[in-house]
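Undergrad: Here's a sequence, model it:
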Amino acid sequence: VLRTLAGGGRDRDDGSSDSSAGVEFVRAEVGGIDVPNRRVVVTDAEDGSVSSIEYDALIVATGAEVSLDAVAGAEGRALPFYTVEDALELRRRLSLVDGLLEGEAAADDEDGKVAITVIGGGYSGVELALNLVDRFAGSEREVEVNLVHRGERVLEYATDYNRRVGTERLEKAGVNVLTGTSVEEVLPGRKDGGEVRDTLDNYRCSLRLSTKGEDGAGESELD
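TA: Numbering: from 1, shown residues only. Just a heads-up that it's a prediction; the model follows:
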């Protein structure tokens, strides 16, 4: 849903659920899990009523908190990608990239490329990088999408099949994948011909998107 919002495919008001995909959004607090009876006990966020939701398989994905302070200079220069607000801000910034693509190439860009760097090679980072390639396909100026991941391989916690498919899609899409690479610092850019570009550990980019630096329980699955 976040990636669809960022790409301009839907409005904020309907970003909480996707009935066409058979997904029902429930805003509630989980009070407990009744494993023997396969039920999740929830408290409604609006009226406080308590009810239960039955399940055949349960995935616990409680999300994460953004932690950009782990990388010097990332706060304010890299855009996190976790909330609806982040997705809407990404949509706005992508419109600025559209402006770069329509304008003249910067004086120091002999090849006229516009670079977008995604930090973090988990599911969100990989899908975001692929969607960015699709979004800018056919642009007159080349858009280079980079994916930086400190692990030795992307999707390192995925199944072998998912990792292989994801890696093949990244290669086919032409995403520049840098594994075994940690981001040390995001440096301020300089104004050049009206365009401001920041430097990511000496890797210049027009837009930096962070899907890393999270503090949280991650995901687990109960059958």
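Undergrad: Please make it C-alpha for all contacts and neighbour counts, starting now.
TA: Fine.
Undergrad: contacting residues around the nearest residue to Glu152 once chain neighbours are set aside?
TA: Setting aside the residues directly before and after it, Glu152 is nearest to Gly180 in space (CA to CA, 6 or more residues apart in numbering), at 4.7 Å. Gly180 makes contact with 149-153, according to CA atoms under 8 Å, 6 or more residues apart in numbering.
Undergrad: let's see it at 7 Å
TA: By CA atoms under 7 Å, 6 or more residues apart in numbering, the contact list for Gly180 reads 149-152.
Undergrad: Which pLDDT value goes with it?
TA: According to the prediction, Gly180 has pLDDT 91.
Undergrad: what about it, which helix or strand?
TA: For Gly180, there is no helix or strand it lies in under DSSP states H and E.
Undergrad: what's the spacing between it and Ala115?
TA: Gly180 sits 20 Å away from Ala115, going by CA to CA, to the nearest Å.
Undergrad: Same question for Val143.
TA: Distance of Val143 to Ala115, computed by CA to CA: 6 Å.
Undergrad: do the same with Tyr161
TA: 29 Å.
Undergrad: do Val42 as well
TA: Distance, Val42 to Ala115, using CA to CA: 44 Å.
Undergrad: What of Leu178?
TA: In terms of CA to CA, Leu178 sits 14 Å off from Ala115.
Undergrad: And the helix or strand harbouring Val165, what does it pack against?
TA: Val165 belongs to helix 160-173 when assigned by DSSP H and E. Here helix 160-173 touches helix 123-135, going by 3 or more CA pairs under 7 Å, 6 or more residues apart in numbering; DSSP states H and E.
Undergrad: What pairs with whichever helix or strand comes after the helix it packs on, parallel or antiparallel?
TA: Downstream of helix 123-135, the next assigned helix or strand under DSSP H and E is strand 143-148. Here strand 143-148 is paired, per DSSP bridges, with strand 114-119 (parallel), strand 176-178 (parallel).
Undergrad: Give me the angle between strand 143-148 and helix 160-173.
TA: Put simply, strand 143-148 runs at 150 degrees to helix 160-173, going by axes from the mean of the first three to the mean of the last three CA atoms, to 10 degrees.
Undergrad: hmm, back to that, farthest pair within the contacts of Gly180?
TA: Spanning the widest gap among the contacts of Gly180 are His149 and Glu152, at 7.7 Å by CA to CA.
Undergrad: residues shared between the contacts of these two?
TA: 179-180.
Undergrad: Mind checking which of these two has more residues around it?
TA: The neighbour count for His149 versus Glu152, taken as other CA atoms under 10 Å, is higher for His149 (23 against 11).
Undergrad: Return the residues in contact with that one.
TA: Listed by CA under 7 Å, 6+ apart, the contact set of His149 reads 119-121, 178-182.
Undergrad: What lies in contact with the helix holding Val165?
TA: Defining contact as CA under 7 Å, 6+ apart, one finds that helix 160-173 is touched by 130, 133, 155.
Undergrad: Make a markdown table from the residues you listed and add neighbour count and pLDDT to it.
TA: Shown next, in a markdown table, are these (neighbours: other CA atoms under 10 Å; pLDDT from 0 to 100):
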| residue | neighbour count | pLDDT |
| --- | --- | --- |
| Leu130 | 20 | 94 |
| Val133 | 19 | 93 |
| Leu155 | 22 | 95 |
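Undergrad: Return the closest of these with respect to Val71.
TA: Ranked by distance to Val71 (CA to CA), those are led by Leu155 at 21.2 Å.
Undergrad: Sweet, I'm off.
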